[in-house]
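> sequence and predicted model, in that order:
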Amino acid sequence: MRERKVRVGKSGVHGKGVFTVRKIRKGARIIEYTGERISWKKAQQLPAHDPKNPHHTFFFSLDDGRVIDAGVGGNEARWINHSCEPNCETSESKGRVYVFALCTLKAREELFYDYRLEPAEPRTEKLERLFRCNCGSANCRGTMLELL
């Protein structure tokens, strides 16, 4: 049986977060982002997973135009929070998304990657506020949206 690399816990940044169980070396594959694969059109028609926070989703866009909906069949990866100074990055290979360490991670360290969200609607100040970033990094750009 494989030793677990991560666990879900309370985050100091936002709600739940994902934390290392043990040291993970730079470049190591940490976890796959899993869930149901659906069309973007279907994803936009689904009710919010959390009606109190309708803009919070577990969607991960794929290169082929579909999305992974980690709200259905997802694993711990769906709880990895955003940071403008991430310690992880994602990479897609053959329709599968993996999270890799950008640096050596210590045990009990929270994982972050830059969401770089691409909104389905025109970008406005209101939209940027809806996707406000709480990472607290020195280089925080203030939003989880893709750079302009």
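Perfect, thanks for sending it.

> now the spatially most central residue of the chain: how far from Glu89?
Centroid check for the chain by CA atoms, centre = their mean gives Ile80 as the closest residue, at 4.9 Å. Computed as CB to CB, to the nearest Å, the Ile80 to Glu89 distance reads 11 Å. In short, each C-beta sits where N, CA and C put it, glycine included.

> give the residues shared as contacts by the two.
Val99, Tyr113 (CB atoms under 8 Å, 6 or more residues apart in numbering).

> just to revisit the earlier point, ok, the residue nearest to the centre of the chain touching Lys16?
No: assessed by CB atoms under 8 Å, Ile80 is found out of contact with Lys16, at 9.5 Å.

> any residues touching the lowest-mean-pLDDT helix or strand in the chain, and which ones?
One helix or strand of the chain scores below all others by mean pLDDT, DSSP states H and E: helix 125-130, with a mean of 86. The set of residues that contact helix 125-130 without belonging to it, under CB under 8 Å, 6+ apart, is His55, Pro119, Glu121, Gly142, Thr143, Leu145.

> just checking, Lys10 touches Val18?
No: under the criterion of CB under 8 Å, Lys10 is not in contact with Val18, lying 11.3 Å apart.

> neighbour count winner among those two?
Neighbours per residue (other CB atoms under 10 Å) separate Lys10 from Val18, with Val18 holding more: 25 against 8.

> okay then, goodbye and thanks.
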